[in-house]
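Asker: Sharing a sequence plus its predicted fold:
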Amino acid sequence: MSDIIKSIFEHQQLKNFDFGSKVLKNCSFTNCTLEGGSFANSKFLNCRFIKCKITNCNFHSSVFLNSGNWFDSIFESNNFSKVTVGNVEIEKVVFLNNNYKETTFDGANLIDIVFEGEITSSWFYGISYAENLYYRNWLLKNKPKPLKKPVINLEKALLNDVIFSRGLDLSQTIFPEQDNLLVISKPKHFFESFLLKCTEIFSDANSIDFCKELVDKVLFRPDSRGMPIVLIDLNIFYPSLNQERDKIIVELLKGNLNDTRSYK
């Protein structure tokens, strides 16, 4: 693994570059366009990415090598799009006023991280999609892998259609106060209670089936099972083909609907 030390990149367009398996120390990227490039299996130490457009770039580390590491670095006022950050140790890194779209943190270990800015249509996975969620022993029995517990502060971020799943313990994650976000503890019990209320409120089989499918395929998918806390974005209901029903479901999820009026 070779070093890139004290390199300064300003107002450059870097396309299809390969900075894979490098150690970047005291480097800075300012007002650059980074497109279609690779930082795979690389380490960042005291680096700065400022006002860059970062598109289709790979920051992934091999599951088996565990070589990727970001430490004591700053990402500020960047635009990330279709970027993958996987199996990387990220510690004491600050993300200030960045925008993220279709960005995946796939199995990254996030320790003492602050996110500010808008995060849209993006994913945070505790266990990488390249790995199975379960151990398999000689008896072919599945045992869940330990949950990852990221330490993240999202208090000043804006989340829109962001998914946290695949083996995460979100007990040390601080979420922003947004009307569209619902943080649920003990989700298995919560959704059992939710479905029971749905059977009391809705009289038609179609609505009850809709609620069951909503839980199984959207709100509490199989890859979120076993997580002690889940996050729901209530904006998934809009626009809707059945606004009246979805309004009732949102109120149920918020816990604001306690009677058993029938929906017809």
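Answerer: That came in fine, so what should we check first? The shown structure was predicted, so the numbers you read here are calculated from the model rather than taken from an experiment.
Asker: Spatially central residue for this protein, please.
Answerer: Of all residues in the chain, the one closest to the mean position by C-alpha atoms, centre = their mean is Phe124, 2.2 Å from it.
Asker: so where do the helices sit in the stretch 51-200 of the chain?
Answerer: 187-201 (DSSP state H, counting those that start in this stretch).
Asker: For it, give me the ranges with low pLDDT.
Answerer: 62-67, 135-141 (pLDDT under 70).
Asker: one step back: report the separation between the residue nearest to the centre of the chain and Gln12.
Answerer: Remark: distance between Phe124 and Gln12 (C-beta to C-beta, to the nearest Å) = 30 Å. Quick note: C-beta positions are derived from backbone N, CA and C, even for glycine.
Asker: for Ile201, same thing?
Answerer: For Ile201 relative to Gln12 (C-beta to C-beta), the value is 59 Å.
Asker: According to the record, where do the domains of this structure fall?
Answerer: 2-178, 187-254 (automatic domain parsing).
Asker: and the ones you listed, which is most packed in?
Answerer: Comparing the domains of the chain by mean neighbour count (mean count of other C-beta atoms under 10 Å), domain 2-178 comes out on top with a mean of 17.
Asker: now it, how far from the centre of its chain.
Answerer: A distance of 10 Å separates the centroid of the chain from that of domain 2-178, by C-alpha atoms, centre = their mean, to the nearest Å.
Asker: so Cys52 sits right up against Phe29, yeah?
Answerer: Yes - with contacts counted by C-beta atoms under 8 Å, Cys52 reaches Phe29, the gap being 5.3 Å.
Asker: overlap in contacts of these two?
Answerer: Residues touching both Cys52 and Phe29 (C-beta atoms under 8 Å, 6 or more residues apart in numbering): there are none.
Asker: hey, where'd the strands end up in the stretch 151-264 of the chain?
Answerer: Applying DSSP state E, counting those that start in this stretch to the stretch 151-264 of the chain gives strands spanning 152-165, 173-174, 181-185, 229-233.
Asker: Pull up the pairing partners for the shortest one, direction included.
Answerer: Each strand that pairs with strand 173-174, with its direction, by DSSP bridges: strand 152-165 (parallel).
Asker: what's the answer for the third one, then?
Answerer: Strand 181-185 pairs in its sheet with strand 229-233 (antiparallel), by DSSP bridges.
Asker: Next, work out how far apart Gly86 and Glu118 are.
Answerer: Gly86 is 22 Å from Glu118, by C-beta to C-beta.
Asker: and if you look at Phe19?
Answerer: 26 Å.
Asker: do Asp179 as well
Answerer: Taking C-beta to C-beta, one finds Asp179 at 16 Å from Glu118.
Asker: again, but for Leu147
Answerer: 27 Å.
Asker: Same question for Gly226.
Answerer: From Gly226 to Glu118 the distance is 30 Å (C-beta to C-beta).
Asker: What of Leu159?
Answerer: 8 Å.
Asker: One more: Lys82?
Answerer: For Lys82, the distance to Glu118 - C-beta to C-beta - is 15 Å.
Asker: for Ser171, same thing?
Answerer: In terms of C-beta to C-beta, Ser171 sits 25 Å off from Glu118.
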